[in-house]
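A.B. asks: 3D model of this:
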Amino acid sequence: MLNTYYTVKQQGMDEITIQKSRFIGYVKRVETEEDAQEFIQEIKKKHYNATHNCSAYMIGENDQIQKANDDGEPSGTAGVPILEVLKKKGLKDTAVVITRYFGGIKLGAGGLIRAYGSTTSQAIKTTGIVKRQLMQCISVKVEYPLLGKLENELRQSTEFILDDIHYLENVEFIVYIIEGEEASFISWITNLTSDQATIEILDKKYMEIDVDDTPSRS
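C.D. replies: Have a look, this model is predicted:
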């Protein structure tokens, strides 16, 4: 599992008009190639009367699945520009479909490349990007006299996420920390509680953080 990666929020769309042609961009997070193909067919069915429904997707931890389709546009002017935006932004598990309704003015190869690229970027921006960070879940149990001190410290921390508190025989804090930081967290808790805490490592899961954009790749 990757410690961190970027992808889009679940689904979104946006539309721009270029030289009287409508370009409607649809974006969706997908986990398999089957998911991507279902999404593409869904948009094609919705816009069955469109001039083109061009698409691209990139799936897998190592971007091992990459596909682009021009759907009748001149070769390399639609699907590839869409895919290049995904690559430049480093977005994983993402599918994009750009629907075009021809407005009567030909854009030429360069114009098409720019149109499909800019529509993709705009649709992704509108949909939103998230950074998925692999986090380790840890249970910290203490007796009630330590409740206020530990809760206060955890809530003030910028490194750890206090997810829940269970008020049982003892107090149990459910905390998420960045994967790989377990040793430093346990040391911190041990010192904070004078070694009066029971610590248990639980499952790992991805937490999502909204970001404005991803670091561009050259």
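
A.B. asks: show me what contacts the nearest residue to residue 104 once chain neighbours are set aside?
C.D. replies: Spatially, and ignoring its direct neighbours in sequence, residue 104 is nearest to residue 20 (5.8 Å; Cβ to Cβ, 6 or more residues apart in numbering). From N, CA and C alone the C-beta is placed, and that goes for glycine too. Applying Cβ atoms under 8 Å, 6 or more residues apart in numbering, one finds that residue 20 lies in contact with 103-105.

A.B. asks: Need the three-state assignment for the residue lying closest to residue 77 once chain neighbours are set aside.
C.D. replies: Leaving out its chain neighbours, the residue that sits closest to residue 77 by Cβ to Cβ, 6+ apart is residue 112, at 3.9 Å. Classification of residue 112 into helix, strand or coil gives helix, according to DSSP: H, G, I helix; E, B strand; the rest coil.

A.B. asks: swap in the one 5 residues further on?
C.D. replies: On the three-state scheme (three-state DSSP), residue 117 is labelled helix.

A.B. asks: Distance check, the residue lying closest to residue 123 once chain neighbours are set aside against residue 167.
C.D. replies: Counting by Cβ to Cβ, 6+ apart, the nearest residue to residue 123 once its immediate chain neighbours are dropped is residue 25, at 2.9 Å. Distance from residue 25 to residue 167, counting by Cβ to Cβ, to the nearest Å: 48 Å.

A.B. asks: Of the two, give the one with the bigger neighbour count.
C.D. replies: Counting neighbours by other Cβ atoms under 10 Å for residue 25 and for residue 167 shows that residue 25 has the greater number, 25 against 9.

A.B. asks: list the contacts for the more buried one?
C.D. replies: 13-16, 96-99, 119-120, 122-124.

A.B. asks: bridging residues for it?
C.D. replies: With DSSP bridges as the criterion, residue 25 is bridged to residue 14, residue 98.

A.B. asks: mind listing what's buried in the worst-scoring helix or strand of the chain on mean pLDDT?
C.D. replies: Least confident element among the helices and strands of the chain, by mean pLDDT, DSSP states H and E: strand 198-211 (a mean of 93). Neighbour-count burial for strand 198-211, counted by 16 or more other Cβ atoms under 10 Å, picks out 199, 206.

A.B. asks: Please enumerate residues in contact with that strand?
C.D. replies: Against strand 198-211 from outside (Cβ under 8 Å, 6+ apart): 1, 6, 128-142, 161, 170, 174, 176, 179, 182, 186, 189-190.

A.B. asks: Same question for stretch 187-197.
C.D. replies: Contacts of stretch 187-197 from elsewhere in the structure, counted by Cβ under 8 Å, 6+ apart, are 140-143, 146, 149-150, 153, 199.

A.B. asks: Just the ones of these in helices?
C.D. replies: Per DSSP state H, helices hold the following members of the contacts of stretch 187-197: 149-150, 153.
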